[in-house]
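Visitor: no FASTA, just this:
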DNA sequence: GCTTAATTGCAAATTTATTGCAGAGAGGGT
DNA sequence: ACCCTCTCTGCAATAAATTTGCAATTAAGC
């Protein structure tokens, strides 16, 4: 069998939960898929207005995608942005650089053992996690060592 | 020597960076100190208006405390709240329970080794981190197992 | 106390997010 | 392909959250 594209999976996800596949939802999804960084909803609304999606609809679509677990919130400084969750986007974390203000993806995540321990100690069931580091990116760190 | 109270340390912190010690700043600080959970700024503004602090001032005070590192933002669902940072409040993380919607503090943090590894691999300098877990608290987890 | 610069209050503007309702459109059955 | 139903969207209005400029106030050093 041929591999399933993210969009096909997205359509299935909507469908499976009784949500309809609409042009606006696809537009938001595609935008997020193409986008390397988390976006604030207001910014997303601005961007998509140019493509013909009403701002109010963007808010509603994000609610829908949140409910589906297709997107999740990320802390951007003291604001919130959204980005695609797994399996649409590989699980990863972020570094917010105090030096240049940019946000970096950190591919690896070695939190599983830590989280499993927390589950045991507290008798919790952890289903997701969001880690944001704050500090200096490689460039800014190198500069500050000089 | 007698131990230094959090408020004394706060006054010193303000002073050391050229900020003035004002009644409004103390009120915000004390409110956060007494408060077990992170607060949204708007909510804080409401609460403190009763004590005579103007809402606009609350926004400005939070900016000030953020700049000083006295408070830091925390992800609350898809909103942001603030809470005191170390050393005013012991470093800790949170669990957001999908079952009952409550937010729990997790005392221990065993992320240091993980973070040190990330620093090495990426040549970063990590100065702070924020981890929020999402899942089920002990009570909701027990119930769902039944 | 006096001086100076930081801080606050107020009013207004801006930005962000929510709501109700009527019309448009997606999806299932025929 | 057509129809029916129920979801989704657009619009306009509203509400809530946050920012800004400026004048008046006040903390802190001398």
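Guide: Cool, got the structure. All values reported here derive from a predicted model rather than from experimental measurement.
Visitor: Check the gap between the spatially most central residue of chain A and residue A:13 for me.
Guide: By C-alpha atoms, centre = their mean, chain A has its centre lying nearest to residue A:83, at 2.0 Å. Plainly put, residue A:83 is 16 Å away from residue A:13 if you go by C-beta to C-beta, to the nearest Å. Glycine gets a C-beta too; all of them are placed from N, C-alpha and C.
Visitor: Can I take it that residue A:129 is in a strand?
Guide: Yes. Assessed by DSSP: H, G, I helix; E, B strand; the rest coil, residue A:129 belongs to a strand.
Visitor: contacting residues for it?
Guide: A:111, A:115, B:131, B:132, B:133, B:134 (C-beta atoms under 8 Å, 6 or more residues apart in numbering or on different chains).
Visitor: ok, back up a step: quick one, what contacts the residue nearest to the centre of chain A?
Guide: A:32, A:35, A:37, A:38, A:39, A:71, A:72, A:74, A:89.
Visitor: can you count the residues close to residue A:71?
Guide: Other residues within reach of residue A:71 by the criterion other C-beta atoms under 10 Å in any protein chain shown amount to 26.
Visitor: That one contacts residue A:86, correct?
Guide: No. Contact criterion C-beta atoms under 8 Å: residue A:71 and residue A:86 do not qualify, at 11.1 Å.
Visitor: which regions of chain A sit below the pLDDT cut-off?
Guide: Applying pLDDT under 70 to chain A flags the ranges A:1-2.
Visitor: what are the ranges of the strands in it?
Guide: Secondary structure of chain A (DSSP state E): strands at A:71-76, A:79-84, A:93-97, A:103-106, A:125-136.
Visitor: Those strands into JSON lines, with extra columns for distance to residue B:27?
Guide: Converted to JSON lines, the strands of chain A look like this (distance: least, C-beta to C-beta, whole Å):
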{"stretch": "strand A:71-76", "distance to residue B:27": "26"}
{"stretch": "strand A:79-84", "distance to residue B:27": "25"}
{"stretch": "strand A:93-97", "distance to residue B:27": "29"}
{"stretch": "strand A:103-106", "distance to residue B:27": "33"}
{"stretch": "strand A:125-136", "distance to residue B:27": "27"}
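Visitor: For DNA strand D, find the nearest of those strands.
Guide: DNA strand D lies closest, by C-beta to the nearest atom of the strand, to one member of the strands of chain A: strand A:79-84, at 8.3 Å.
Visitor: So which bits of chain A are right by DNA strand C?
Guide: Proximity of chain A to DNA strand C, by C-beta under 7 Å from any atom of the strand, involves residues A:15, A:20-23, A:40-42, A:45, A:56, A:59-60, A:63, A:80.
Visitor: In helices, which of the residues you listed appear?
Guide: A:15, A:23, A:41, A:42, A:45, A:56, A:59, A:60, A:63 (DSSP state H).
Visitor: mind putting the contacts of residue A:83 in TSV, distance to residue A:103 included?
Guide: Shown next, in TSV, are the contacts of residue A:83 (distance: C-beta to C-beta, whole Å):
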residue	distance to residue A:103
A:32	15
A:35	12
A:37	6
A:38	7
A:39	11
A:71	16
A:72	15
A:74	9
A:89	14
